[in-house]
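J.: below are the sequence and a predicted model for it; my questions follow.
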Amino acid sequence: MMICTRTCRHAGWTIANRLSQAFSGKYPLNINLFRSEEQVQLVRQSLKKRFRDAELADGISTLDKKVRSLQYNLEQHRKELNRLSKGIGKAVREEKSD
């Protein structure tokens, strides 16, 4: 749907309203909405207003916490791997110089 910018300026909010109706439900929610309890409450309320399962918000929040925890653990293991790799490289260089 191609709309001229000039047309949008003159038509006012009616075009914005039509666009929001045309694309409603097609864009995903930002994951940051599920990272604080207040925001999760707002998402739950919004889902209830639209007669959707409000438990989806809790499930997404739980899964996001799990993903972030796993990413943190992965980064810690990578940090340890890099430290050990540097130590091995240093030991090999010292072995060659002796």
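T.: Yes, it's here. Numbers count the residues shown, from 1 in each chain.
J.: tell me the spacing between residue 55 and residue 43.
T.: 11 Å (CB to CB, to the nearest Å). C-beta coordinates here come from the backbone N, C-alpha and C atoms, glycine included.
J.: nope, residue 58 is what I meant
T.: From residue 58 to residue 43 the distance is 9 Å (CB to CB).
J.: tell me which of those two has more neighbours.
T.: residue 43 (18 against 14; other CB atoms under 10 Å).
J.: so what's the more buried one up against?
T.: 29, 33, 34, 57 (CB atoms under 8 Å, 6 or more residues apart in numbering).
J.: swap the cut-off to 6 Å and go again
T.: Residue 43 makes contact with 33, 57, according to CB atoms under 6 Å, 6 or more residues apart in numbering.
J.: that one sits in which helix or strand?
T.: helix 37-49 (DSSP states H and E).
J.: and the helices in this protein?
T.: 5-11, 13-23, 37-49, 55-97 (DSSP state H).
J.: just send the ones you listed back as JSON lines, with mean pLDDT too.
T.: Output for those, formatted as JSON lines (pLDDT from 0 to 100):
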{"stretch": "helix 5-11", "mean pLDDT": "48"}
{"stretch": "helix 13-23", "mean pLDDT": "50"}
{"stretch": "helix 37-49", "mean pLDDT": "90"}
{"stretch": "helix 55-97", "mean pLDDT": "94"}
